[in-house]
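Trainee: Could you work out the structure for the sequence below:
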Amino acid sequence: MTTRLSFLALTIISGLPLAAQNSGPRQNGPVIGYVYPAGAQAGGEIDVTVGGLALGTTTGVRFSGGVLSATILKHRAPINGKLQNEIREMIQIEREKPAKSGVGSSGGTKKGKGMKFLRDEEILQSIAAKEGISQDVIDSFLEDIAQKRDPKHQQNAQLAERVTLRVKVPAHATTGRHELRLLGLTGLSNPLAFMVGKLPEVTESEPNSSVAAATATAAIPCVLNGQILPGDVDDFTFEARKGMKLTAAVAARDLTPYLADAVPGWFQANLLLLDSKGSEVAFNDSFEHRPDPLLCAAIPADGRYILQVTDSLNRGREDFVYRITLGEIPCLTEQYPLGGKIGTTVPVRVSGWNLRDYQAAIEVGDTPGSQLIPPRPPILGFMQFDAGVDPETVEPDVDAPSAMKKSPGFPCVTNGIIRRPGEIDVYPLRFKAGQKVIAETRARRLGSPLDSMIRVLDPAGALVTSNDDRDDPESGLLTHHADSRVELTVPKDGIYQFAVSDTQSKGSRAHAYRLLITPPRPDFALRVVPSALNGRAGSLVPVTAHVVRRDGFTGEVTLDLVEAPAGYSLIGGKVPAGADSVELTLKIANDAAPGVCPLEVAGSADIGGKTIRHPGRAADDRMQAFFYRHLVPADALLACVTGNGKNAKPGLAMLDRLQPLCAKGVDLSAGSTAIIKFPRPQGAKGELVFSLINPSSGITLTGNLRDGFIELVFAAPPMMKPGPVGNLIVQVSAKTQTTSSPDKPKKTNFVKLGVLPPIPCRIIGSVP
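Mentor: Got it, this is the predicted structure:
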């Protein structure tokens, strides 16, 4: 194998070449796809498997909150084809040696060929001792063989590596969701959920795909842990008494929100409750709008019952992981109202299965927005509570026919419920011609099953405008954005009616909503992707900032780090006016020591003559079902410094020289080209390849090495509109060629080396 890297390559390296994700800016480093079991009881210790990609250099585990800890027990990765063939050849040679007494040359025994593979295992142990092959390699070889013999097994390269951890959960650990990440020589992974609870935990024992082989639970309540593999059915058995009001609440999509290469984009669990005779007692495949099932059933008689878990599409693989809370447990399914004004105390009705209505007094803080509030224990679920700034009214919490409601004034927030199918709540407000008005519902975003519709009628009863669904990029965990929003300029003086209904003509006590009727209030929110930024000391790491614009705000947003360690900075941190995102880079301090560093990003903008500043929320860009993308929030934005930075230090001066050159940017006419040119460093060898990360609007890049200079040629398509494009981030790679033997053709590889400083770009016109 020959690899030639130039001096330039060493100056702009952002880290070792790593596996790339199919998301946002490339998250170099380990990528985890599942955690199993995905939780543990507080005060316990459990062995956990984490599956994913590029896990071979895992050196540690990081949990949010800093209370949980883990040690690494072993790492398993598929062995490459060459080593597999070598081991097979060794086995064949050993088989052909003269057999010992009672053992045939084929590896069989006098008892028949059924012992052949056991004989191979003995041979493997002998080979391992002679050749110095590790037990991990032998185990991987045997597992690969077994999987290939299983007709139901599916190869999933993105889940092929596994790390086994021993997780310790202190008794004082906070119950609920914690984020687990793996830390390796190549960086920090994306986060996945690890749940901590108070109930005893049961993990399935395979095979348990029949009632006769069901995994037995010692007693309920408890939490069941399982994993649906191809063609799998999981059965759990337990004892229950007559009249018991059983709850079986599944967490599956809640653990792994999105799968890139599976339809509908998550593990869709089915729950079936059977009695001891195999007769169906209850079934559930989802709860309201939530994909995860919630089975609630009254037990008809004392005896043994079976809870059966399957996938609705009969799929299965390693990341189809679930947890089921099972027992006679209260479960919150509805609340009213869904919010209140900041600085007030709001009485809230809390209701659900095994849960009598009770009033919770919620003290609303001083910060607008939604929050999760755990109800009094041991109730399953969370209250989602929205804090507003406008005067609020609460419609009576009683069943009443559709009717004209009392005018709440303007601006206002009205809390209501669509209690019955076909119900329409109407709110009249008086406006003057020319007034600008925005009306929106907040329901699905707060956990309500309401699929709202807003219609606005003029004084004559004619429809002015309406809306069913409006996407909200801030709600990265929603796949059906069922809340409504309308904007209008009032055409004439008079009373306008705002009608709220359910698009699916459903209704219940749970179909609560908040209707906000306000003037436009230009503002924005900020998301920063990815949540793990991996690179060496002194390097540049690609970042994407997403701006969610509200109520017509179109201005520029300036990004910066908040109280960052010395030497860390953002380069290219301006989101152009009208743009929804920008590519930029994080500059890691030249002398940064290896390790993990929490960061905070904030964005500032001039809105109405005032400087408005908001924190940036860390997120990961996730694909759902081959197509849809979502910004999934993470607990923290973390920079991980890899290596010791020694290889990068000789090139830091070169990086500093390139930064002002790149900062000048490029001005392009539509249909034209522009060039950035800089001297080829002395001693540079080999072929470098230049490409754009997340190219904007069809702009392309060609890199040339000519007359001692490197030329970056940017081209704009003919139909581009004038205006700022944002930053262009140039990825630098080295072209290498490898061959397994002299008689085979060489294979071309591209090794990612790093990125150049951001290059601002704008379109200044079109070619005459």
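
Trainee: how about the helices of the stretch 551-700 of the chain, start to end?
Mentor: All helices of the stretch 551-700 of the chain, identified by DSSP state H, counting those that start in this stretch, fall at 652-663.

Trainee: Count the residues that sit near the spatially closest residue to residue 329 that is not a sequence neighbour.
Mentor: In space, residue 329 comes closest to residue 247 once its chain neighbours are excluded; the distance is 4.5 Å by C-beta to C-beta, 6 or more residues apart in numbering. From N, CA and C alone the C-beta is placed, and that goes for glycine too. Using other C-beta atoms under 10 Å, residue 247 is surrounded by 24 other residues.

Trainee: looking at it, residue 247 is touching residue 327, isn't it?
Mentor: Yes: Residue 247 is within contact range of residue 327, at 6.4 Å (criterion: C-beta atoms under 8 Å).

Trainee: thinking again about what came up before, now the residue nearest to residue 329, what are its backbone angles?
Mentor: Per-residue torsions, residue 247: phi -120, psi 130 (degrees, to the nearest 10).

Trainee: check contacts around it.
Mentor: Contact partners of residue 247, counting by C-beta atoms under 8 Å, 6 or more residues apart in numbering, are 294-296, 325-331, 353-354, 380.

Trainee: And it, how far from residue 253?
Mentor: Counting by C-beta to C-beta, to the nearest Å, the gap from residue 247 to residue 253 is 18 Å.

Trainee: Same question for residue 721.
Mentor: Per C-beta to C-beta, residue 721 is found 40 Å from residue 253.

Trainee: ok, these two, which is more surrounded?
Mentor: When residue 721 and residue 253 are compared for neighbours, residue 253 comes out ahead with 22 against 9, by other C-beta under 10 Å.

Trainee: you'd agree the more buried one is up against residue 267?
Mentor: Yes: counting by C-beta under 8 Å, residue 253 touches residue 267, with 6.8 Å between them.

Trainee: partner residues bridging the residue most central in space within the chain?
Mentor: Per C-alpha atoms, centre = their mean, the C-alpha nearest to the average position across the chain is that of residue 632, at 4.4 Å. Under the criterion DSSP bridges, residue 632 forms beta bridges with residue 620.

Trainee: To what extent is the closest residue in space to residue 195 that isn't next to it in sequence buried, counted in neighbours?
Mentor: Nearest residue to residue 195, sequence neighbours excluded (C-beta to C-beta, 6+ apart): residue 39, at 3.2 Å. The tally of other residues near residue 39 (other C-beta under 10 Å) stands at 26.

Trainee: can you pull the contacts of residue 39?
Mentor: Applying C-beta under 8 Å, 6+ apart to residue 39 gives the contacts 193, 194, 195, 196, 197, 201, 223, 225, 323.

Trainee: Helix, strand, or coil at residue 726?
Mentor: Secondary structure, DSSP: H, G, I helix; E, B strand; the rest coil: residue 726 is strand.

Trainee: What of residue 138?
Mentor: Residue 138 - assigned by three-state DSSP - is helix.

Trainee: Distance check, it against residue 90.
Mentor: 11 Å.

Trainee: Likewise for residue 437?
Mentor: Distance from residue 437 to residue 90, by C-beta to C-beta: 78 Å.

Trainee: And for residue 565?
Mentor: According to C-beta to C-beta, residue 565 and residue 90 sit 52 Å apart.

Trainee: So the two - more neighbours on which side?
Mentor: Between residue 565 and residue 90, counted using other C-beta under 10 Å, residue 90 has the larger neighbour count: 18 against 13.

Trainee: Double-check that that one belongs to a strand.
Mentor: No: looking at residue 90 with three-state DSSP, it is helix, so not inside a strand.

Trainee: Correct me if wrong: it contacts residue 127.
Mentor: Yes: counting by C-beta under 8 Å, residue 90 does reach residue 127; the two are 4.8 Å apart.

Trainee: Wait, residue 477 touches residue 630, no?
Mentor: Yes: taking contacts as C-beta under 8 Å, residue 477 lies within contact range of residue 630: 7.3 Å.

Trainee: Compare neighbour counts for those two and give me the winner.
Mentor: Ranked by neighbour count (other C-beta under 10 Å), residue 477 and residue 630 place residue 630 first, with 21 against 14.

Trainee: Next one: the closest residue to the more buried one other than its chain neighbours from residue 629, what distance?
Mentor: Spatial nearest neighbour of residue 630, excluding adjacent residues (C-beta to C-beta, 6+ apart): residue 476 at 4.6 Å. Distance of residue 476 to residue 629, computed by C-beta to C-beta: 9 Å.

Trainee: Residues that sit against both of these two, list them.
Mentor: Joint contacts of residue 476 and residue 629 (C-beta under 8 Å, 6+ apart) are residue 622.

Trainee: More neighbours: which of these two?
Mentor: Per other C-beta under 10 Å, whichever of residue 476 and residue 629 has more neighbours is residue 476, with 21 against 16.

Trainee: Return the residues in contact with that one.
Mentor: Shown in contact with residue 476 (C-beta under 8 Å, 6+ apart): 619, 622, 630, 631, 632, 633.

Trainee: got TSV for the residues you listed, with pLDDT and distance to residue 168 too?
Mentor: Converted to TSV, those look like this (pLDDT from 0 to 100; distance: C-beta to C-beta, whole Å):
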residue	pLDDT	distance to residue 168
619	97	29
622	94	29
630	95	32
631	96	32
632	95	27
633	96	27
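
Trainee: Could you work out the most separated pair of the residues you listed?
Mentor: 622 and 633 (10.7 Å; C-beta to C-beta).

Trainee: Could you check which of those two has the larger neighbour count?
Mentor: Remark: of residue 622 and residue 633, residue 622 carries more neighbours, 25 against 16, as counted by other C-beta under 10 Å.

Trainee: Name the nearest residue to that one, ignoring sequence neighbours.
Mentor: residue 258 (4.3 Å).

Trainee: The one you found: neighbouring residues, count only.
Mentor: For residue 258, using other C-beta under 10 Å, the count is 22.

Trainee: my guess is it contacts residue 267, does it?
Mentor: No: counting by C-beta under 8 Å, residue 258 stays clear of residue 267, with 10.8 Å between them.

Trainee: Run through the stretch 651-768 of the chain and note the low-pLDDT ranges.
Mentor: 651-654, 681-686, 696, 739-743, 767-768 (pLDDT under 70).

Trainee: run the last query once more with 50
Mentor: 684 (pLDDT under 50).

Trainee: now the strands: where do they sit in it?
Mentor: 666-670, 673-679, 688-693, 700-706, 709-715, 723-738, 747-755, 759-766 (DSSP state E, counting those that start in this stretch).

Trainee: Could you save those strands as JSON lines and add columns showing mean neighbour count and distance to residue 172?
Mentor: Formatted as JSON lines, the strands of the stretch 651-768 of the chain follow (neighbours: other C-beta atoms under 10 Å; distance: least, C-beta to C-beta, whole Å):
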{"stretch": "strand 666-670", "mean neighbour count": "18", "distance to residue 172": "56"}
{"stretch": "strand 673-679", "mean neighbour count": "15", "distance to residue 172": "56"}
{"stretch": "strand 688-693", "mean neighbour count": "17", "distance to residue 172": "44"}
{"stretch": "strand 700-706", "mean neighbour count": "14", "distance to residue 172": "54"}
{"stretch": "strand 709-715", "mean neighbour count": "17", "distance to residue 172": "55"}
{"stretch": "strand 723-738", "mean neighbour count": "20", "distance to residue 172": "44"}
{"stretch": "strand 747-755", "mean neighbour count": "17", "distance to residue 172": "43"}
{"stretch": "strand 759-766", "mean neighbour count": "18", "distance to residue 172": "50"}
